[in-house]
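J.: Mind folding the following:
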Amino acid sequence: MKENNSICRAVDIRKTYMRGKVAVEALCGVTVQIQRNDYISIMGPSGSGKSTLVHILSCLDSPTSGEYYFEDRLVSKYTDQELAQIRNKYVGFVFQSFSLLPRSTALDNVALPLMYGGVRKKEKIEKAQDILNKIGLGDRMHHRPNEMSGGECQRVAIARALVNDPRIIFADEPTGNLDSVTGAEIMEIFDKLVEEGNTIVLVTHDANVASHATKIVKLKDGRIDDA
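T.: Sure, this is the predicted structure:
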């Protein structure tokens, strides 16, 4: 992919859903750009369009109208196979609910994205081990999710998001299921990742979480709220 400073560029993005015969506008002309090493928080109340915007930015969904560029290429020109490759190789996801496989160890959960990239087993295991050690879970890598705390599970989810060296990480309410102390520890990890050159987009309704970001995008009723 072409190297440049812009990762994501959304121009006048609109998204309309049909609920029966009623059209619901989730996004109403949103324009946003994400550069390399940006630390951005997307804030807004429930129903403001946060999740819809992130689904489009992460290539999980497509806009009804407007233009969206990923690494300076119009996303509507990508094939389904290319979009799947972007999601697997270039985008990391961290969810509020952790989304770990319950019967798999931390090591296997972290290595999972590498299964789809043709990485050799030895290399896959070594890379997953390195990242788990990096985030302080070297002694927990053979434990399953039900044997770990919520904070440890979220660390595993962060490690999984990092394992493919993604261009950008999207974290959707990453501290939502954690107590305040553990949540602060998780935010310290994100802060450090940005210091190391990673690009992170946080989705949150929590002002304390949002304050870690260097740029805040506020949404209200599907529009960017500049107030």
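J.: quick one: secondary structure of the residue most central in space within the chain?
T.: Residue closest to the average C-alpha location in the chain (Cα atoms, centre = their mean): F170, at 1.6 Å. Taken by DSSP: H, G, I helix; E, B strand; the rest coil, the conformation at F170 corresponds to strand.
J.: separation between it and K89?
T.: Distance from F170 to K89, counting by Cβ to Cβ, to the nearest Å: 14 Å. Yep, even glycine has a C-beta here, placed from its N, CA and C like the rest.
J.: And E196, by the same measure?
T.: E196 is 19 Å from K89, by Cβ to Cβ.
J.: Looking at the two, which one has more neighbours?
T.: K89 (17 against 9; other Cβ atoms under 10 Å).
J.: Got phi/psi on that one?
T.: When read as degrees, to the nearest 10, the backbone of K89 gives phi -100, psi -30.
J.: Quick check: closest non-adjacent residue to it.
T.: N164 (5.3 Å; Cβ to Cβ, 6 or more residues apart in numbering).
J.: Backbone dihedrals for the one you found, please?
T.: Dihedral angles (degrees, to the nearest 10) for N164: phi -100, psi 10.
J.: What count of nearby residues applies to it?
T.: With other Cβ under 10 Å as criterion, N164 counts 18.
J.: Thought M115 was touching it, still the case?
T.: No - assessed by Cβ atoms under 8 Å, N164 is found out of contact with M115, at 10.9 Å.
J.: where's A111, which helix or strand?
T.: helix 106-111 (DSSP states H and E).
J.: Now do that helix: which elements does it pack against?
T.: With contacts taken as 3 or more Cβ pairs under 8 Å, 6 or more residues apart in numbering; DSSP states H and E, helix 106-111 sits against helix 121-134, helix 150-162.
J.: Now do the helices for the protein: every range, in order, please.
T.: Ranges of helices in the chain, per DSSP state H, are 50-57, 80-85, 106-111, 121-134, 150-162, 180-195, 207-210.
J.: Which residue of this structure lies farthest from its centroid?
T.: Largest centroid distance in the chain under Cα atoms, centre = their mean is K21 at 32.2 Å.
J.: follow-up on the earlier one: okay, and the beta partners of the residue nearest to the centre of the chain?
T.: For F170, the beta-bridge partners are F93, V201 (DSSP bridges).
J.: contacting residues for it?
T.: 54, 57-58, 91-94, 201, 203 (Cβ atoms under 8 Å, 6 or more residues apart in numbering).
J.: Quick check: the gap between the residue farthest from the centre of the chain and F98.
T.: 37 Å.
J.: got it, and G118?
T.: In terms of Cβ to Cβ, G118 sits 26 Å off from F98.
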